[in-house]
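Visitor: Fold the following.
(chains A, B, C and D)
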There are 2 protein chains.
Amino acid sequence: MEIINQIDEVKRCSVQYVLALNDTLNVINGKWKLPIIGSLMYGKKRFKELERNIDKISPRMLSKELKDLENNGVVERTVYNTTPVTVEYELTESGKTFHSVLDVMVEWAVEHRERTLEL
Amino acid sequence: MEIINQIDEVKRCSVQYVLALNDTLNVINGKWKLPIIGSLMYGKKRFKELERNIDKISPRMLSKELKDLENNGVVERTVYNTTPVTVEYELTESGKTFHSVLDVMVEWAVEHRERTLEL
DNA sequence: ATTTACACTATACTTTTGTATACTACTATA
DNA sequence: TATAGTAGTATACAAAAGTATAGTGTAAAT
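Guide: Got it, this is the predicted structure:
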């Protein structure tokens, strides 16, 4: 239960709060992060599979965004020593729990819609 | 409790889920949305007050972002018939509840940090 | 011998986003 | 009469993000 104290501490300090917020925003920023995470929620995938799965993404963007996600600890990249090489991408534990953040965003959007329609 | 059914329905359909997600993402996108929302969390403010409160923001950006937030139903703009005019900006009900979305993002970030430090 | 598949990278370009600086119209104060 | 404060807008520019298209090296299949 040590993590709850950590969370409370961060919430009490606005500087730390903003820093933590930015960590999360970095995970989802850009046009392609959510499509990639969404696709990987259904299980691990290879580069070409992702490219085929995500409509209109270019290999340049896919490669760049996967690197970002890997650097942010949300995606793990595994290279298999085959010819030609096989590379698999999958969500880390944090990547999987990110689903709960997205759910809250969706919940807020639905509640917000209801509220603004009422007027 | 009708809204809970709404939320469940949206969560069951990936198209609706992504649309709702985008509503929320639009609220926070861009460099200045969060600083503005954060500043208004402490109470209603006038244009110049926001400009002084938010370091390095230009009036052009402040004006543009406030319009976005108003269009998204997160901020309300009130004009008072004084000379010179007084304009007040404040969070709507949705704007105030947005705080809970930010909290979840912060919680995820803290948990994510703990997890990645463990390795 | 040519095509196909893999996992990318390189280059040039367009679009979007944000910055810098100056300006508007009005009024009260020095 | 000059200056400062109100709430912005106008114009030009720079930087960041994304697109389009082609190409790399290796090996198996046709």
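Visitor: three-state assignment of A:Leu19?
Guide: Recorded secondary structure, A:Leu19: helix (DSSP: H, G, I helix; E, B strand; the rest coil).
Visitor: which residues in chain A form strands?
Guide: Under the criterion DSSP state E, chain A contains strands at A:45-46, A:75-80, A:86-91.
Visitor: so which of those gets nearest B:Leu119?
Guide: Proximity to B:Leu119 (Cβ to Cβ) singles out strand A:75-80 among the strands of chain A, at 10.9 Å. Using the backbone N, CA and C atoms, a C-beta is placed for each residue, glycine as well.
Visitor: and the closest one, which residues are buried?
Guide: Buried residues in strand A:75-80, defined by neighbour count with 16 or more other Cβ atoms under 10 Å in any protein chain shown: A:Val75, A:Glu76.
Visitor: can I get the CA coordinates of that strand in CSV?
Guide: Taking Å, rounded to 0.1, in the frame of the first residue of the first chain, the C-alpha atoms of strand A:75-80 are listed here in CSV:
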residue,chain,number,x,y,z
VAL,A,75,5.5,-1.4,-25.5
GLU,A,76,8.2,-4.2,-25.5
ARG,A,77,10.1,-5.1,-28.7
THR,A,78,11.4,-8.6,-29.1
VAL,A,79,13.7,-9.6,-32.0
TYR,A,80,13.9,-13.3,-33.1
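Visitor: gap between the closest residue to A:Val101 other than its chain neighbours and DNA strand C?
Guide: Excluding the flanking residues, the one nearest A:Val101 by Cβ to Cβ, 6 or more residues apart in numbering or on different chains is B:Trp108, at 4.9 Å. The gap separating B:Trp108 from DNA strand C is 22 Å, by Cβ to the nearest atom of the strand, to the nearest Å.
Visitor: count of residues packed around B:Trp108?
Guide: 23 (other Cβ atoms under 10 Å in any protein chain shown).
Visitor: Give the rounded mean pLDDT of stretch A:24-37.
Guide: Taken as a whole, stretch A:24-37 carries a mean pLDDT of 98.
Visitor: wait, does that stretch contact DNA strand C?
Guide: No. Stretch A:24-37 stays clear of DNA strand C (Cβ under 7 Å from any atom of the strand), getting no nearer than 9.0 Å.
Visitor: which residues does A:His99 contact?
Guide: A:Met41 (Cβ atoms under 8 Å, 6 or more residues apart in numbering or on different chains).
Visitor: residues of the helix ranked longest in chain A that come out buried?
Guide: The longest helix of chain A (DSSP state H) is helix A:93-118. Buried residues in helix A:93-118, defined by neighbour count with 16+ other Cβ under 10 Å: A:94-95, A:98, A:101-102, A:104-113.
Visitor: quick one: that helix to strand A:86-91, angle?
Guide: 50 degrees (axes from the mean of the first three to the mean of the last three Cα atoms, to 10 degrees).
Visitor: So stretch A:15-31, near chain B or not?
Guide: Yes. Using Cβ under 8 Å from any Cβ of the partner chain, stretch A:15-31 reaches chain B at A:Tyr17, A:Val18, A:Ala20, A:Leu21, A:Asp23, A:Thr24, A:Leu25, A:Ile28.
Visitor: which of those residues has the most neighbours?
Guide: Highest neighbour count within the residues of stretch A:15-31 next to chain B, by other Cβ under 10 Å: A:Ala20, with 24 neighbours.
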